[in-house]
Structure formats: C-alpha cells, structure tokens
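1. here is my input, please return the structure:
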Amino acid sequence: MNLAMIKRAIARHRFMKDAPAYREFLEEVRADGDVWCVPQREIASWWEQRQEASLTLDAEGRLDTHLENAVVEVDRTELRIPPFPLDSTSPDQGLPTLGTEFSDPFAREVISHLGYGHMLGSPENDPSLESRAARIQLEELRRSAEKHQRFDEKALDRLRNLLREAHRVKGLPELRIWTLPHRDGRPYRAAVSTRYDVDKAIVNLPAIHALEETFGLRSTVYLRPMGLFYGNREIRNYVAKMRGHEVALHGEFVTTAQSRFGTEEAAAIEEKRTLAELVGAEVEGVCMHGGELRTNTTPRTRDAVEAAGYRYETMYRNGYYLPLHLPTTKGVRRTLSIGQHFADISAAGDRSFPVNLRDNFLTHFRAARAVGGVFVPVMHPLYFGIARYLRYPENVYRLGAFLPVFVARAIQIKSGRNYVNTVE
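-> Numbering: from 1, shown residues only. Predicted structure coming up:
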C-alpha cells in the first residue's frame, strides 16, 4: 500500500488554495502591461500563421510582411511594426536565402520557428550561409526534440548566429518575425495561457473565470466528457455561462479504450466527437488525464492525438516556452505542441503552498518573457474552493462512491509508483 500517496492526497485537500496565489500572480502580469492573455486555441492559431509567414524587402528598402499584427525583431534589440524602411541597406541584394537543401519539413519547421521564413524557398544555395554548420545544428535540434519534446537552446543560438551572419553578408541587420503579435502598435513581450484540468469541480469554474476577467485573461478548460465526477448536464450548464474561454479535452484514451472503444486512436476520436457535441463547438486541443491513480499515456498516445485531428496538445512539461511541431521519421507532426510549465499539484502541499505556487508561477513567467514565450500554468478547479464543490449533494455522493475505489487502488500501488495500471 502506498501510504505516502494517501497522505499527500489528504495534505492537498487541507492546504492547497489556488485563488490567493493566482490573484497575486495576475496582479504582477497586469503590472507588466505587455502580456497577451489568451486561450491556447489563439496561441495555436497565431503560431500556425507565423510559421507560414515571411518578410519581403522591396527595391526602396522597405520591409513588410503579410502576417497581420506581426512584429519584426531587428538585430535582437529592437521590435518594430512593419512596414518600415531599413537603414544602411543594399535592397538590390535582397534578403538572404537558404536554398533547396533546407527545404525538408524539419528544416523548414526550425527556420520558421525562429522567425526566418523569408530565408526559405530559394532555388539555389546562398553562399552567405555556411551550410554544413547549419546542418550540424539542425541535427542536434532534431535529437533534442525527439528526446525532450523541445529544442536545445544552445543549438538554436548557434544556428541563429549563422543566420545573422548571412544577413550581414547582404548588408542587412538580422531580421526575423517576433514570436508574438502586437496590440495597437505595442508588441507583446510574453503570453500567459492558463490551463485548467477539470478532474472534478466543474462547478467552481464560473467563480474562477470571474476572477480572471477582472484581469482581462481568458483561459482554456480541459473537460472530461466520460469522467466520473460530472456529466453532460454539468458540462452544458458550464458552457451556457462561459464567456470567451475555450473548452479542450482532458483525454482518458487508455481508460476509455479499455472500457468502450478498443484502441487509443478510436478513443481519441470518440472523446473529441462527444465533447464537441456537448459544447456545440470544435474541440481543438487535448491534454491527458492522470487522475484516479491511473495513467492515460502510452507510447501510442502521440499517434492517437495526430490521427484524431487535434490542432494542438499541451502534454509536455519541459521548461520550453515556444510552441513547436515535433519531428517524425517522415517530417513533423501536424499537431502543434504547446508546453505546460508548472502545476498547482507540483507545489508543496503544506502551509507554504500559496507563496510557493505564486513564486513558481512568477519564475516561469519571467523565463517565458525573456524569450518572448508562452507561460502555461496548470491548475485544478477543486483547489479554488473545496467547500463550494461540496455544497452540491451529487458531488458529495460521487466523491463518497469513489473513495473505496481510491483506497483499493492505493493498496495495489507499490511504493515509488504513481499509477495502478501499467501501459506498454
């Protein structure tokens, strides 16, 4: 029996109070002033458009792009809103290019990820770029993405230095599309996109959103259309009150594959379809549920997500603050991977919890801001008010019915493990 797990569950319900820490964090975000606070769906939409965008330079030396609300970073120091004229340039030479040897999907992914889409698509290699050195960095980036679901920052920086030198050979400052859009001519320096894993307390969401809306933030709510602790009625009631927030899927592919659908791929498709029917809108995002002492992630989960046509996923916590398309043996995945960075359940479940949670949120936010990135905090509505959740008799009944199941599963789990089921 894993007694430590039972003690941890009791401590969480006693000490975890998300609202005070979250409010203090949002006050810091508002004071910053240059933060984009939107659901993951809008992050994904922007990033996909940015991946396809490029810069143009006309004969008069005027720089522009067709990407709406784009910002251009000049020599890593200045953010400017296009169109604008470039100083001290030779426009007749044009922008630097990479050539056809960089036309494979992964190379295009990395170059566009960095914002240098204007360097792609040339029929010939440009001698201003040292191709062999660039290829070495691309291989290092592929390895880090395959192993850690992120790009290695040192390899990215080495590649950027090569791309900067290619600009200088052309008599140009280093130019790239900035990672985030602008608002009324003021570039965003970071994004905050909150994720809620709604394991149980869907009834707490309206009060949480009321807090967020006082700070101008809209979040993404991951719901369980086939979960144990709320049903269709509660989902429909929530959606009727939701204003501008996003519903995504808290996937249980292993569990529902075993109970209903047979395979993870079928489960990924059917859970998505079921939730879309309940909310009356397309479900674009997914993360995996790891509650009730069961895991729902296997080596096949990525492929199931891809096959079901999700636009993005937030499955990985790896300290990386920019979205990316992960590599495959044939190219890159269609599904965008948006990292998630710190969860309320990762903070110490004791009296230090509010300060610990706030400080971790601020640490990750500042790290995201340093790279123009996206910080995704992860929270559970239950810890915004257990008493509010228990005001509803059906919730008390559901929790009471599950308690013997929880104890039985905890007895089966060996010390040092987190889940009762093993997956291969």
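
2. buried residues of the lengthiest strand in the chain, list them for me.
-> For the chain, the strand with the greatest residue count under DSSP state E is strand 246-251. Buried residues in strand 246-251, counted by 16 or more other Cβ atoms under 10 Å: Glu246, Val247, Ala248, Leu249, His250, Gly251. C-beta coordinates here come from the backbone N, C-alpha and C atoms, glycine included.

3. same thing with stretch 263-277?
-> Under the neighbour-count criterion of 16+ other Cβ under 10 Å, stretch 263-277 has Glu264, Glu265, Ala266, Ala267, Ala268, Ile269, Glu270, Glu271, Lys272, Thr274, Leu275, Ala276 buried.

4. now do the contacts for Glu212.
-> For Glu212, the contacting residues are Leu26, Thr194, Arg218, Ser219, by Cβ atoms under 8 Å, 6 or more residues apart in numbering.

5. from those residues, which would you call buried?
-> Here, 16+ other Cβ under 10 Å leaves Leu26, Thr194, Arg218, Ser219 buried among those.

6. quick one on the thing from earlier: using JSON lines, lay out the buried residues of stretch 263-277 together with pLDDT and secondary structure.
-> Conversion of the buried residues of stretch 263-277 to JSON lines gives the following (pLDDT from 0 to 100; DSSP: H, G, I helix; E, B strand; the rest coil):
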{"residue": "Glu264", "pLDDT": "97", "secondary structure": "helix"}
{"residue": "Glu265", "pLDDT": "98", "secondary structure": "helix"}
{"residue": "Ala266", "pLDDT": "98", "secondary structure": "helix"}
{"residue": "Ala267", "pLDDT": "98", "secondary structure": "helix"}
{"residue": "Ala268", "pLDDT": "98", "secondary structure": "helix"}
{"residue": "Ile269", "pLDDT": "98", "secondary structure": "helix"}
{"residue": "Glu270", "pLDDT": "98", "secondary structure": "helix"}
{"residue": "Glu271", "pLDDT": "98", "secondary structure": "helix"}
{"residue": "Lys272", "pLDDT": "98", "secondary structure": "helix"}
{"residue": "Thr274", "pLDDT": "98", "secondary structure": "helix"}
{"residue": "Leu275", "pLDDT": "98", "secondary structure": "helix"}
{"residue": "Ala276", "pLDDT": "98", "secondary structure": "helix"}
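
7. can I get those residues in CSV with distance to Glu73?
-> CSV is the format used below for the buried residues of stretch 263-277 (distance: Cβ to Cβ, whole Å):
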residue, distance to Glu73
Glu264, 40
Glu265, 40
Ala266, 44
Ala267, 42
Ala268, 37
Ile269, 40
Glu270, 43
Glu271, 40
Lys272, 37
Thr274, 43
Leu275, 38
Ala276, 38
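
8. where does pLDDT dip in this structure?
-> 1-13, 88-92, 122-129, 415-416, 424 (pLDDT under 70).

9. work out the gap between the strand or helix carrying Pro404 and the centre of the chain.
-> Here Pro404, judged by DSSP states H and E, is contained in helix 393-412. Remark: helix 393-412 is offset 31 Å from the chain centroid, using Cα atoms, centre = their mean, to the nearest Å.

10. can you pull up the most central residue in this protein?
-> Ile338 (2.6 Å; Cα atoms, centre = their mean).

11. give me every residue that touches it.
-> Per Cβ under 8 Å, 6+ apart, neighbours of Ile338: Gln40, Ile43, Ala44, Ser193, Gly285, Tyr312, Glu313, Thr314, Pro323, Val374, Val376.

12. looking at these, which are in strands?
-> Members of these lying in strands (criterion: DSSP E): Gly285, Tyr312, Glu313, Val374.

13. could you dump these to TSV with neighbour count and distance to Arg224?
-> Shown next, in TSV, are the ones in strands among the contacts of Ile338 (neighbours: other Cβ atoms under 10 Å; distance: Cβ to Cβ, whole Å):
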residue	neighbour count	distance to Arg224
Gly285	25	14
Tyr312	26	18
Glu313	27	16
Val374	26	24
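
14. which one of those residues is nearest Ile386?
-> Checking those against Ile386 with Cβ to Cβ, the nearest one is Gly285 at 26.8 Å.

15. which of the residues in stretch 178-192 are buried?
-> Trp178, Thr179, Leu180, Pro181, His182, Pro187, Tyr188, Arg189, Ala190, Ala191, Val192.

16. what do you get for stretch 344-354?
-> Counting neighbours by 16+ other Cβ under 10 Å, stretch 344-354 gives Asp344, Ile345, Ala347, Gly349, Phe353, Pro354 as buried.

17. closest one of the residues you listed to Thr298?
-> For the buried residues of stretch 344-354, the nearest to Thr298 is Ile345 (21.6 Å; Cβ to Cβ).

18. and that closest one, which of the three is it?
-> When classified by DSSP: H, G, I helix; E, B strand; the rest coil, Ile345 comes out as helix.

19. quick one: Leu322 from Glu101, how far?
-> To Glu101, Leu322 is 25 Å away according to Cβ to Cβ, to the nearest Å.

20. would you confirm that Thr97 contacts Ile111?
-> No: at 10.7 Å, Thr97 and Ile111 do not qualify as touching, with contact defined as Cβ atoms under 8 Å.
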